[in-house]
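Asker: Fold the following.
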Amino acid sequence: MPAGVLCVPVFHAPVFQSPARRRIPWARRVASVSTRFFRVVSRAAPEKTMKDLSPPRSRAAPEKTMKDLSPPHSRATPEKTMKDLSPPRVLPAVVTEPTSHSPKGLTCVLIHGWPDSPLMWSSQVTALTNAGHRCIAIPLPCYPPDDAAANLPGVTLPTFETAVDDVIVTIESLTNEDDEPVVLVCHDWGCIVGYRLQGKRPRLVRAVCAMDVGNDVDGLDAKETAFIAAYQGWLIAALAIGGNVGDWMTTSFARMSNAPSLQPGGLDFGRGGIVPHRRNWPYLAFWRERLGRRARGDGGDGNGNRVIRGVKGNRRVPHCPVLYMYGADKPSRFHGDGWLAGVRANGVGSLVVRVENAGHWFPVTHADVVNERLTRWLDLIGDLPRTNIRSAL
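Answerer: This is a model prediction of the structure:
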């Protein structure tokens, strides 16, 4: 391009002529000018273009970008770029040791949900470690602090199957074979991961504390079903659209829902108040599975969860003591009445706790109530003999 000449796209009004003397449409003219403009830019400094878009730590040695971010077991060859982030891989867990030793001390694995991070468990971690328990807070894949690597362009979205595998290898990397089985403490989508983990590796799990999401939603009324379909459809659309628009759609619903991550002190509040659209992957994964099972005529989930005798339907309650806590004040339940009956019929150590005047994020808003009930339940679990846990897989 000659010096001093600026490449400025010029708008040409559409020219309407007879078919015999049709000129090039105005839209094609604009596209042609834009194409030549970006072609000139890309030819100017191809190395600089890629270098400026890379994170700061990769500017010194671009070939080490994916290598530095990949888990240790997959750092062998550059050809394994995409495999570096494929499951099973160890997630960046936050481990907190007990402040004092307790003969009833257990290892608690805390798994959050949308759109949170391990930071949401701060109050529970303090209460549990003070009571002599060890805490391992594991992020969902693609969620902080796993988002830096997992959200790079070209990295595929997780599924619940891959998320379960990631959590399993993370637990195994932070415990010994002769350690007691862990107690899962889960919220929101973390509950779904917890139920499936217990079904797949029952000997790894001693008990499950699930908060606000059951493993069976049969029996919701029309209003509740419509609410769930509407907001989950919105978040799936945000994931499909992506980019700034997808981030805005995701953030707007999280803000409307009073998500703790956007409140002062929350992780996303300190990151500019944006919730990335890729955190919506659990909604897409869930509906893909659900619609796929309907298409195949398969009503089971393959998680090894049992049917409680005398309770109508398959309530899919884990084969271990279950503490189910739920907020009583929200637009919709995330469990059916049959699920509550199934938990109550699950034997010693299983119980249901209704948290009054509480919404979905009651582990944060009603932390004192949750911590008191949770620590008392863990004392009960510590006194129980280990049951002959088995898998139905």
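
Asker: His187 - nearest residue in space that isn't next to it in sequence?
Answerer: Using Cβ to Cβ, 6 or more residues apart in numbering and skipping the chain neighbours, the partner closest in space to His187 is Met211 (4.3 Å). C-beta coordinates here come from the backbone N, C-alpha and C atoms, glycine included.

Asker: I'd like to know which elements the helix or strand Ala163 falls within is packed against.
Answerer: According to DSSP states H and E, Ala163 maps onto helix 160-174. Here helix 160-174 touches strand 107-111, strand 134-138, helix 189-200, helix 281-296, going by 3 or more Cβ pairs under 8 Å, 6 or more residues apart in numbering; DSSP states H and E.

Asker: hey, least reliable of these by pLDDT?
Answerer: Between the helices and strands packed on helix 160-174, the one with the least mean pLDDT is helix 281-296; it has a mean of 89.

Asker: residues making contact with that helix?
Answerer: By Cβ atoms under 8 Å, 6 or more residues apart in numbering, the residues outside helix 281-296 that reach it are 113-114, 140, 142, 157-160, 189, 192, 232, 235-236, 239, 299-301.

Asker: can you give me how far that helix is from the chain middle?
Answerer: Distance, stretch centre to chain centre, for helix 281-296: 16 Å (Cα atoms, centre = their mean, to the nearest Å).

Asker: Pick out the residue nearest the middle of the chain.
Answerer: Compute the mean C-alpha point of the chain, and by Cα atoms, centre = their mean the closest residue is Leu140, 4.2 Å away.

Asker: Quickly note the distance from that one to His187.
Answerer: Distance from Leu140 to His187, counting by Cβ to Cβ, to the nearest Å: 11 Å.

Asker: sorry, back to before: run a quick check on the residue nearest to the centre of the chain versus Gly113, I expect a contact.
Answerer: Yes. With contacts counted by Cβ atoms under 8 Å, Leu140 reaches Gly113, the gap being 7.3 Å.

Asker: Now the common contact residues for those two.
Answerer: Trp189, Gly190, Pro282.

Asker: The second one - how many residues pack around it?
Answerer: Spelled out, that is Gly190. Residues lying near Gly190 (other Cβ atoms under 10 Å) number 30.

Asker: Now do the same contact list for the closest residue to it other than its chain neighbours.
Answerer: Spatial nearest neighbour of Gly190, chain neighbours left out: Ile111 (3.4 Å); criterion: Cβ to Cβ, 6+ apart. By Cβ under 8 Å, 6+ apart, the contact list for Ile111 reads Ile138, Leu140, Val167, Leu184, Val185, Cys186, His187, Gly190, Cys191, Val193, Gly194.
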